[in-house]
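Participant: sequence and computational prediction follow.
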Amino acid sequence: MSMLREFLTTAEVADYLRLKERKVYDLVRQGQIPCSRATGKLLFPRQHIDMWVLSHLEGDQALRSPLPLIVAGSQDPLLEWAVRESGSDLASLCHGSGDGLRRLMEGKAMLAGIHLLNFESGRYNEPAALGLGGVRDLIVLHWAKRQQGLLVAPGNPLGIQTLSDVSRQKATLAHRQPDAGAAQLLRCLLQRSAIEPSTLNWAANVSLSEDDLALSIAQGEADVGLGVEAAARRQHLHFIPLIEESFDLVMHRRSYFEPAVQALISFTRQERFIQRAGALQGYNVSGLGEVLYNA
């Protein structure tokens with residue numbers, strides 16, 4: 001779980017982009033390139049640099065073909081259910097927030113569901129921080145506030161309440177792929193708790209979705225993992241809330257007016273949808289549909 005492969009130094013990003021280091025510093029000063037100062041020096045998230053490059057494609061190459069009716073990105077139980085029940089004809093292809101953004105920018109998805117935390121600002125899903133500041137027709141639409149926390153076996157047999165308990169107990173920790181929103185949040189929470197990732201007992205296999213992570217705990221393959229409350233409830237697990245996060249939908253402006261997207265949004269205004277959000281638990285959908293960003 002080393003962070004070294006996920007972040008580039010100034011010299012490495014200059015070489016990666018075939019720019020001079022001075023130009024990279026200029027881009028940082030102008031706020032045009034995504035970077036982090038969380039460790040006291042400039043570090044550049046590789047996946048966000050890739051997104052930044054894609055967002056500056058000459059002539060919007062990624063937008064020339066019709067977009068497929070696909071919702072990519074992070075798995076969300078409420079969104080997954082709404083896509084099925086709304087009659088939108090959208091299909092789900094959920095392999096994490098980072099994967100969803102890449103598919104969106106490459107013209108391989110119509111929507112991407114994301115929950116990516118900016119370490120420095122403490123805010124979620126900021127286009128500039130994700131390397132998307134140069135996209136001229138980007139919309140970020142709020143979906144829901146979700147409870148993120150620790151999933152453990154029923155009855156919480158190890159008495160886990162915090163990440164520090166996970167470290168002390170040497171509990172087996174289920175984990176997501178590196179560019180998933182939950183993985184980024186976990187790195188941030190470990191850093192805030194001064195826990196070195198290399199000291200933890202990581203599960204042997206990566207969980208590729210919220211449900212996979214919850215199931216690994218239900219089946220005894222791991223003792224604990226970071227995930228959403230709705231996934232915990234579906235597997236009848238004990239849930240320890242840690243943070244409320246924003247889960248949002250990212251799309252190109254033209255996609256918002258497509259019949260598929262309009263069908264999904266219209267469905268969320270029905271009482272049936274509100275009841276389902278309450279039944280799943282861990283959701284606040286009072287702001288659903290609010291436009292958070294419109295380039």
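Facilitator: Sure, I can see it.

Participant: ok, which stretches of the protein are helices?
Facilitator: With DSSP state H, the ranges of helices along the chain come out as 10-17, 21-29, 46-55, 77-85, 97-105, 163-169, 181-192, 210-218, 229-234, 253-256, 259-267, 271-280.

Participant: Leu242: which of these is closest?
Facilitator: The stretch from those with the least distance to Leu242 (Cβ to Cβ) is helix 181-192; that distance is 6.9 Å. C-beta here means a position set from N, CA and C on the backbone, and glycine is covered the same way.

Participant: give the other helices and strands that that closest one contacts.
Facilitator: Packing partners of helix 181-192 (3 or more Cβ pairs under 8 Å, 6 or more residues apart in numbering; DSSP states H and E): strand 224-228, strand 238-252.

Participant: direction included, what does the first one pair up with?
Facilitator: What that stands for is strand 224-228. Based on DSSP bridges, the strands next to strand 224-228 in the sheet, each with its direction, are strand 138-152 (antiparallel), strand 172-174 (parallel).

Participant: rebuild these as TSV, extending it with distance to Tyr25, mean pLDDT and mean neighbour count.
Facilitator: As requested, the strands paired with strand 224-228 are exported to TSV (distance: least, Cβ to Cβ, whole Å; pLDDT from 0 to 100; neighbours: other Cβ atoms under 10 Å):
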stretch	distance to Tyr25	mean pLDDT	mean neighbour count
strand 138-152	26	96	23
strand 172-174	37	98	22
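
Participant: mind putting these into CSV with distance to Ala279?
Facilitator: Rendered in CSV, the data for those read as follows (distance: least, Cβ to Cβ, whole Å):
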stretch, distance to Ala279
strand 138-152, 14
strand 172-174, 25
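
Participant: to Tyr124, which of those lies closest?
Facilitator: Judged by Cβ to Cβ, the one of these that comes nearest to Tyr124 is strand 138-152, at 9.7 Å.

Participant: still on that earlier bit, of the helices of the chain, flag the one that's most buried.
Facilitator: Ranked by mean neighbour count under mean count of other Cβ atoms under 10 Å, those are led by helix 97-105, which reaches a mean of 26.

Participant: just the CA atoms of it, as PDB, please.
Facilitator: Output for helix 97-105, consisting of C-alpha atoms alone and laid out as PDB, is shown next (Å, rounded to 0.1, in the frame of the first residue of the first chain):
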ATOM      1  CA  SER A  97     -14.000   6.800  -8.700                       C
ATOM      2  CA  GLY A  98     -10.700   7.100 -10.500                       C
ATOM      3  CA  ASP A  99     -11.600   4.600 -13.100                       C
ATOM      4  CA  GLY A 100     -15.000   6.300 -13.700                       C
ATOM      5  CA  LEU A 101     -13.300   9.700 -14.300                       C
ATOM      6  CA  ARG A 102     -11.000   8.100 -16.800                       C
ATOM      7  CA  ARG A 103     -13.800   6.500 -18.700                       C
ATOM      8  CA  LEU A 104     -15.800   9.700 -18.700                       C
ATOM      9  CA  MET A 105     -12.800  11.700 -20.200                       C
END
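
Participant: quick check: angle from it to helix 181-192?
Facilitator: Helix 97-105 and helix 181-192 meet at an angle of 130 degrees, taking axes from the mean of the first three to the mean of the last three Cα atoms, to 10 degrees as the criterion.

Participant: quick check: mean pLDDT of helix 97-105?
Facilitator: Model confidence over helix 97-105 averages 93 on the pLDDT scale.

Participant: how about stretch 270-278?
Facilitator: For stretch 270-278, the per-residue pLDDT averages 96.

Participant: same check on stretch 10-25?
Facilitator: Here the average pLDDT along stretch 10-25 is 86.

Participant: mind listing what Arg123 touches?
Facilitator: Contact partners of Arg123, counting by Cβ atoms under 8 Å, 6 or more residues apart in numbering, are Leu117.

Participant: need the phi and psi values for it.
Facilitator: Note on Arg123: backbone dihedrals following degrees, to the nearest 10 are phi -110, psi 160.

Participant: could you measure it against Phe7, distance?
Facilitator: Distance check for Arg123 against Phe7: by Cβ to Cβ, to the nearest Å, it reads 20 Å.

Participant: pretty sure Ile217 sits against Asp223.
Facilitator: Yes: under the criterion of Cβ atoms under 8 Å, Ile217 makes contact with Asp223 at 7.1 Å.

Participant: can you work out which residues contact both of these two?
Facilitator: Common neighbours of Ile217 and Asp223 (criterion: Cβ under 8 Å, 6+ apart): 152-153.

Participant: contact partners for Ser97?
Facilitator: When contacts are counted by Cβ under 8 Å, 6+ apart, Ser97 is found next to 73-74, 112-116, 179-181, 184.
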